[in-house]
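> Build the 3D model from these lines:
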Amino acid sequence: MTPPKITLRGMTWDHPRGYLPLDACSAVWKERTGVTVAWDRRSLQDFESYPVQELAQHYDLIVIDHPHVGQICVEHCLMPLKSPRVSALAGAFVGASYASYFWQGSQWAVPIDAASQVQVWANDRIDAPATSWDAVSDMAHEGLVTLPLRTPHSLMCLFTLVAQMGYPADEHGPQLFALEPTCDAVERLRTLMHLVEPACQGEDPIAALNRMAQPDSKVACAPLIFSYVNYAWESFRPVRLSFSDIPIFPGRSTDGAVLGGTGIAISARTQYAQEALDFALWAGEESTQAGVYAMSGGQPAHSAAWVSPEVNAKAGNFYRNTRQTLEGAWVRPRHNGYMNYQDAGARRLLEGLQKGEGAVTIVEALNAMYIDSLPA
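Now for the predicted structure:
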């Protein structure tokens, strides 16, 4: 008897980094196994905020980021990945990519994409990336800096700055932010916000990078922006951009940039749990990540891809030049309630900066909102 044809439905995000590698992997997978994996896409804004529970009702495979894990654990909408084949991968990925999906004793996704806030610069406009925040300030006064601040990125910038100062946000609360250093960080953000183009307040990283990669752009540096390897590829956009570690404060390191990246999770409602797990594990394997995934537009999470000469050559040494920042990246809170806080907190921060509110008022509001977000 001919085995039934299996089609897995997957949901990823609508950027070449999000869908090109998965489409390519799925084509190879179908040739190998006969299993079809068909991917739909959602916008970056939806990716950062749309309820996973609703997606799990319609899809077998869902690309998620780690701050969702507390919510999905409570909602029981995703399948915990109990297989020894999953735990065997624990040390295979860069930074905290694997650990960020571990919550309450279970792994909830296989990392396929690793990212953090890094620095982007245009080597046809400046000679080198900024190594200090003083250098960023100097460039900002010349109109050479961009900083995407659309929700949730205003809050992501604040998280990175306070962690770089040596006062990372305390995910356990009750006070998320230490008052004095966070007020300093808020004022630094305010200063930068007034020096960059007003359009930055409505831009996410993709919009900022697209604008920066135009020949007529004056922007030469984005000091804090989530990494997108595609812009380091030849001919992806009119101007090829360069990536490097983030600027630092005197006596400090690059540690503290907000961790991003994605993983493949499996719906608790899938009828094809084994087939879905097989694909997710294969997508996260060394040979896949350093091969078809990386070479088809992806930004892999596997360490082997980050040190691969071939992968780095295609990406202008993107991986070598940002790995220090990625390895020291900070994992955001993941409790049930955080995703709502991330959206509301970022909006509150940006509104406070726009209205000229005092830094103390802004930080106290962010702390109070965080307390309200914590489980009772």
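
> Which parts of the protein belong to which domain?
Structural domains annotated on the chain: 7-114+260-316, 117-258+337-373, as defined by automatic domain parsing.

> right, so of those, which gets closest to Thr325?
Proximity to Thr325 (CB to CB) singles out domain 117-258+337-373 among these, at 4.5 Å. Glycine gets a C-beta too; all of them are placed from N, C-alpha and C.

> contacting residues around the nearest residue in space to Leu20 that is not next to it in sequence?
Taking CB to CB, 6 or more residues apart in numbering as the measure, Leu20 lies nearest to Gly297, with 3.3 Å between them; neighbours along the chain are not counted. By CB atoms under 8 Å, 6 or more residues apart in numbering, Gly297 lies in contact with 16-17, 20-21, 24, 230.

> Am I right that Gly297 sits in a helix?
No: counting by DSSP: H, G, I helix; E, B strand; the rest coil, Gly297 falls outside a helix, being coil.

> returning to what we had before: will you turn the domains of the chain into TSV that also has distance to Ala329?
Converted to TSV, these look like this (distance: least, CB to CB, whole Å):
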stretch	distance to Ala329
domain 7-114+260-316	5
domain 117-258+337-373	5
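
> How many residues are close by the closest residue to Gln117 other than its chain neighbours?
Spatial nearest neighbour of Gln117, chain neighbours left out: Ala257 (4.3 Å); criterion: CB to CB, 6+ apart. Residues lying near Ala257 (other CB atoms under 10 Å) number 31.

> After the lowest-mean-pLDDT helix or strand in the chain, heading C-terminal, what element do we hit next?
One helix or strand of the chain scores below all others by mean pLDDT, DSSP states H and E: helix 44-49, with a mean of 61. The helix or strand immediately downstream of helix 44-49 is helix 52-55, counting by DSSP states H and E.

> And that following helix, what's buried?
By neighbour count on 16 or more other CB atoms under 10 Å, the buried set for helix 52-55 is 52-53, 55.

> and that helix, average pLDDT?
For helix 52-55, the mean pLDDT works out to 82.

> just checking, what packs against the following helix or strand past it?
Using DSSP H and E, the next helix or strand after helix 52-55 towards the C-terminus is strand 61-64. Applying 3 or more CB pairs under 8 Å, 6 or more residues apart in numbering; DSSP states H and E, we find strand 61-64 packed against strand 7-13, helix 52-55, strand 262-266, helix 273-283.

> re earlier: comparing the domains of the chain by mean pLDDT, which bottoms out?
For the domains of the chain, where the average pLDDT is lowest is domain 7-114+260-316, sitting at a mean of 94.

> residue contacts, the residue sitting nearest the centre point of the chain?
Nearest residue to the geometric centre of the chain (CA atoms, centre = their mean): Gly260, 2.3 Å. Counting by CB under 8 Å, 6+ apart, Gly260 touches 65, 114-117, 226-227.

> Please apply the same query to Tyr59.
Counted by CB under 8 Å, 6+ apart, Tyr59 has contacts 9-11, 40, 267.

> mind running it again at 10 Å?
8-12, 38-40, 52, 265-267, 269-270, 276 (CB atoms under 10 Å, 6 or more residues apart in numbering).

> Just send the contacts of Gly297 back as TSV, with distance to Gln107, neighbour count and secondary structure too.
As requested, these are exported to TSV (distance: CB to CB, whole Å; neighbours: other CB atoms under 10 Å; DSSP: H, G, I helix; E, B strand; the rest coil):
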residue	distance to Gln107	neighbour count	secondary structure
Pro16	27	17	helix
Arg17	23	20	helix
Leu20	26	16	helix
Pro21	21	25	helix
Ala24	25	18	helix
Asn230	28	21	helix
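
> sorry, back to before: I'd like the buried residues of helix 52-55 as TSV, with distance to Leu195 appended.
Formatted as TSV, those follow (distance: CB to CB, whole Å):
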residue	distance to Leu195
Val52	37
Gln53	41
Leu55	39
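
> can you give me the strands for the protein?
With DSSP state E, the ranges of strands along the chain come out as 7-13, 36-42, 61-64, 102-103, 106-107, 110-113, 117-121, 221-226, 242-244, 262-266.

> of all those strands, which lies closest to His153?
Among the strands of the chain, strand 221-226 comes nearest to His153, with 7.8 Å by CB to CB.

> Might you calculate how far the closest one sits from the centre of the chain?
Using CA atoms, centre = their mean, to the nearest Å, the mean C-alpha position of strand 221-226 is found 13 Å from that of the whole chain.

> So which elements touch it?
strand 117-121, helix 133-141, helix 153-164, helix 179-195, helix 205-212, strand 242-244 (3 or more CB pairs under 10 Å, 6 or more residues apart in numbering; DSSP states H and E).

> Please consider this matter closed, and thank you.
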